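S.K.: Quick one: sequence and predicted model below, then my questions.
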Amino acid sequence: MKKIYVLLLSLTITSLSFGQTTGDIAFIGFNADGSDDIAIVVLADIAANTTIYITDNEVNGLALADTNEGELTWVTGADIITSGTVVTFTDLSTGTSSVVSHGSISEGNSFNLSGGGDAVFMFLGTDASTPTVFLAGVQNASGVAGTLEGSGLTDGSTFFTFTNSGSPDGGYYSGDRDTQAAFTDYINLISIPANWTTETSNGELVLPFVNTPFTLGTPSPTIVITSPADSTVYIPETSTVEVTWSSLNASASDTVTVTVIEGMSYTDTPNATSPFSITVQEGGAYTVTTELKNSLGDVLDTDTTSFSVGVLQVVANITALRADVVANGPDGFYEITEGSLLTHKDGYKGKKWFQDATPSGIYIYDAEDVIATTYNVGDMVSGLKGKAVIVNGVLQLHPTEDSGVIASSDNAVVAQTVTIAGFNAAPSDYESTFINFENVTFSAGDGAAVFATGQNYVLAQGQAETVVRTEFYGADYIGEIIPSTELANVSGIAGAYNGTAQLYVRNLADLTTLSAGQFEVSKFNLFPNPSKSDFVNITSTGSGAMQAAIFDILGKQVINTTVSNKRINISTLHTGIYIVKLTQGAATTTKKLIIQ
């Protein structure tokens, strides 16, 4: 019996020794074009028939933030996969045609990597939606992975971004494969963007991935600058930058010399230690070189990084900001001095939408929770600061400072009425503003189908059609029946995805159903517009009293009156832009009014 126990114990220990943990694999290939491909290197032996899950869902600690993106199940096969082995995964977005070089793979949710920014994770779990141990992760753009805290992954190591800027469609590790004393040491090389070759125009050009195995060797002394990443642009308010580095396989007598070049001047600092502080100024450009030297002064290894400090562009309003981006390109830093009206906010990634009086809109994406101040819909906020970035064709402002000041609150948020045909023709003209369509129908409305998150729905206005996307998770219309009758108004935030117009309905209040006796708002008319007279005329095909409310550019109501003789007295209004909200029965519509 004792021999049996010893045998069972031995088998148990052998089995446990194969239990995978974080860092046992690393991603070395990524392609988001064509049919999608990835590659990994095994850094610790993987037991036969191990099940590993692959996903491009975002994470939230030791869980998935959502489960509506890709899910793949990889069974490693009948043989142990030994350390140093490269495993390639091909045509992952094709479902049943996916191929893996070791074992077998099957698809759950459709897998589709985004060249505009996506992350991939591998994990052990009870199923494809329930992680228990994250093994590794990679992303092709910063800020698209979700919340890593609590996941067990370390940013810049077991999880990393393989590029310093932008969002390349493909990339592969092109560094050493035969120099490290232990396989897990390769993570230090693989996680450095400078050791990757990337492709921005066509990720397919990185294929096929190199499958040469990783082996062990005698490493040479090396030095690697870990921060800042090459080509980093700091916010204009930055006064000090800390340069950090790590050295591998160096002896106790080796030293580091740091050279800083700014314009035509440079400084050398021998016997430097990490972190190394550099005083910087707005608009400055800097190149930093670290030299690892032995006791004789011989240079054993070097590394270089360059960075700059941005220049703050002060603009009056969102319209001026957008014009500057058109003229000079994205990635500039801006301060908007005039008030911007908050039209919607979403708890996920600090998303907010503001617009000015023109109206021109801006989408604020605050993944780092820079803005601590609580804003509410209807707040007029001045002094917003951020970096202008274009993602999937849409202009975003990434906050650099919690600088906004609430000038006023409870301002009216009135949608600009446009046609679907006009919206489709020029979505950028309305991008990120609050708009309204009149007399429209949902093609999917059959009296039974309900709204689901992250889905596209066709909205029709006569022969013209556009997409309504349920972008806001937790919106009160999710799970509600899709209207099967014509709607008087459908409002929402105007958006786009790579040039294709989309409307993001905020809540149920943005969906207004036609009722008996309601006039046809599509025949509502306001003239002359622009107006130079003391009156504007209002007509509709409906019956009953009409109530008109007029708001100035700050959202302040300046006129509230019952329409008499189909006209409104506007003699008290100054030259400028106003929003007219008209109510007749159960119907409401809005129009922009220009006073000259």
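M.R.: Noted; the coordinates are in hand. Here the structure is a predicted model, which is why all the values come from computation and not from measurement. Residues are numbered from 1 along each chain as shown.
S.K.: all contacts plus neighbour counts: C-alpha atoms, from now on.
M.R.: OK.
S.K.: where in this protein is pLDDT low?
M.R.: 1-18, 513-524, 541-543, 553-555, 585-588 (pLDDT under 70).
S.K.: so the residue most central in space within it, which of the three states?
M.R.: Nearest residue to the geometric centre of the chain (CA atoms, centre = their mean): V144, 5.5 Å. Using DSSP: H, G, I helix; E, B strand; the rest coil, the structure places V144 in coil.
S.K.: Apart from its neighbours in sequence, what residue is nearest it?
M.R.: Distances taken as CA to CA, 6 or more residues apart in numbering put D118 closest to V144, at 5.7 Å, once the chain neighbours are dropped.
S.K.: Same question for S167.
M.R.: A141 (4.7 Å).
S.K.: Contact partners for V41?
M.R.: Neighbour list for V41: I25, A26, F27, I28, S83, G84, T85, V86, V87, P213, F214 [criterion: CA atoms under 8 Å, 6 or more residues apart in numbering].
S.K.: If we only consider these, which is nearest to G77?
M.R.: Nearest to G77, judged by CA to CA, of the contacts of V41 is V87 at 12.0 Å.
S.K.: Number of residues surrounding that closest one?
M.R.: Applying other CA atoms under 10 Å, we find 24 residues neighbouring V87.
S.K.: just V418 next, same as before
M.R.: Around V418 there are 15 other residues, counting by other CA under 10 Å.
S.K.: For it, give its distance to I538.
M.R.: Going from V418 to I538 by CA to CA, to the nearest Å gives 18 Å.
S.K.: swap in A426?
M.R.: 28 Å.
S.K.: M380 too?
M.R.: As judged by CA to CA, M380 and I538 stand 30 Å apart.
S.K.: So between these two, which is more surrounded?
M.R.: M380 (26 against 19).
S.K.: if I pick that one, what's in contact with it?
M.R.: M380 makes contacts with G339, S340, L341, L342, I406, A407, S408, S409, N411, L554, as judged by CA under 8 Å, 6+ apart.
S.K.: Go again with 10 Å.
M.R.: 338-343, 354-356, 404-411, 554-555 (CA atoms under 10 Å, 6 or more residues apart in numbering).
S.K.: wait, is L341 part of a strand?
M.R.: Yes: in this structure, L341 lies within a strand as judged by three-state DSSP.
S.K.: Can you report how many residues lie near it?
M.R.: If you count neighbours by other CA under 10 Å, L341 ends up with 29.
S.K.: quick one: the nearest residue to it once chain neighbours are set aside from S432, how far?
M.R.: Distances taken as CA to CA, 6+ apart put M380 closest to L341, at 4.5 Å, once the chain neighbours are dropped. According to CA to CA, M380 stands 16 Å off from S432.
S.K.: swap in P399?
M.R.: Between P399 and S432 the computed distance is 16 Å (CA to CA).
S.K.: Likewise for L92?
M.R.: Applying CA to CA, the value for L92 to S432 is 34 Å.
S.K.: Same check on L508?
M.R.: For L508, the distance to S432 - CA to CA - is 19 Å.
S.K.: the more surrounded of the two?
M.R.: Shown here are L508 and S432; by other CA under 10 Å, S432 has more neighbours (30 against 14).
S.K.: Would you confirm that the more buried one contacts Y497?
M.R.: No: taking contacts as CA atoms under 10 Å, S432 lies outside contact range of Y497: 11.9 Å.
S.K.: Mutual contacts of these two, please.
M.R.: Common contacts of S432 and Y497 (CA under 10 Å, 6+ apart): V394.
S.K.: so how far is stretch 52-71 from its chain's centroid?
M.R.: Averaged C-alpha coordinates place stretch 52-71 at 16 Å from its chain's average position (CA atoms, centre = their mean, to the nearest Å).
S.K.: For it, measure first residue to last.
M.R.: 11 Å.
S.K.: With stretch 405-413 instead?
M.R.: Criterion CA to CA; first-to-last residue distance in stretch 405-413 is 18 Å.
S.K.: So among the contacts of V41, which ones count as buried?
M.R.: For the contacts of V41, a burial check counting by 16 or more other CA atoms under 10 Å picks out I25, A26, F27, I28, S83, G84, T85, V86, V87, F214.
S.K.: from these, which is closest to T590?
M.R.: F27 (52.6 Å).
S.K.: mind listing what the closest residue to that closest one other than its chain neighbours touches?
M.R.: Of all residues not flanking F27 in the chain, I40 sits nearest, at 4.2 Å (CA to CA, 6+ apart). I40 makes contact with 25-30, 84-89, 122, 136, 173, 209, 211, according to CA under 10 Å, 6+ apart.
S.K.: now do P236
M.R.: 280-284, 308-313, 333-334, 400.
S.K.: Was I right to think Y234 contacts S308?
M.R.: Yes: using CA under 10 Å, Y234 is in contact with S308, at 6.2 Å.
S.K.: Common neighbours of those two, please.
M.R.: Residues touching both Y234 and S308 (CA under 10 Å, 6+ apart): V241, V280, E282, G283, G284.
S.K.: Now the helix or strand hosting the first one: buried residues?
M.R.: Yep, that's V241 we're talking about. Using DSSP states H and E, V241 falls within strand 240-248. Across strand 240-248, burial judged by 16+ other CA under 10 Å covers V241, V243, T244, W245, S247.
S.K.: How about stretch 124-140?
M.R.: 124-125, 128-129, 131, 133-140.
S.K.: same deal with stretch 272-284?
M.R.: Judged by neighbour count (16+ other CA under 10 Å), stretch 272-284 contains these buried residues: V280, Q281, E282, G284.
S.K.: Tell me the one among the residues you listed nearest to I594.
M.R.: Once CA to CA is applied, the member of those that ends up nearest I594 is E282, at 40.6 Å.
S.K.: Could you verify that that closest one is part of a helix?
M.R.: No: membership of E282 in a helix is not supported by three-state DSSP, which gives coil.
S.K.: so what's it up against?
M.R.: By CA under 10 Å, 6+ apart, the contact list for E282 reads Y234, I235, P236, E237, T238, S239, S308, V309, G310, V311, L312.
S.K.: which residues does the residue nearest to L341 bridge with?
M.R.: Judged by DSSP bridges, the bridge partners of M380 are L341, S408.
S.K.: roughly how far apart are it and V405?
M.R.: Computed as CA to CA, the M380 to V405 distance reads 8 Å.
S.K.: and for those two, which residues touch both?
M.R.: Here M380 and V405 have G339 as joint contacts, going by CA under 10 Å, 6+ apart.
S.K.: of the contacts of E282, closest to T259?
M.R.: Nearest to T259 out of the contacts of E282 is S308 (CA to CA; 15.7 Å).
S.K.: Excluding residues flanking it in the chain, which one is nearest that closest one?
M.R.: Using CA to CA, 6+ apart, the closest residue to S308 is A285 (4.2 Å).
S.K.: And for F535?
M.R.: Leaving aside its chain neighbours, F535 sits nearest to N569 (4.6 Å; criterion: CA to CA, 6+ apart).
S.K.: what kind of secondary structure is R322 in?
M.R.: Under three-state DSSP, R322 falls in the helix class.
S.K.: mind giving me the domain split of the chain?
M.R.: Using automatic domain parsing, the domains assigned to the chain come out as 11-206, 222-309, 312-408, 416-513, 521-595.
S.K.: mind listing the helices for the stretch 101-250 of the chain?
M.R.: Along the stretch 101-250 of the chain, the stretches classed as helices by DSSP state H, counting those that start in this stretch are 187-190.
S.K.: out of the buried residues of stretch 124-140, which one sits closest to V440?
M.R.: Nearest to V440 out of the buried residues of stretch 124-140 is S129 (CA to CA; 37.6 Å).
S.K.: For the closest one, give its distance to D230.
M.R.: Counting by CA to CA - S129 and D230 are separated by 36 Å.
S.K.: do the same with E107
M.R.: 37 Å.
S.K.: what's the answer for V413, then?
M.R.: In terms of CA to CA, V413 sits 43 Å off from D230.
S.K.: F423 in helix, strand or coil?
M.R.: Three-state call for F423 (three-state DSSP): helix.
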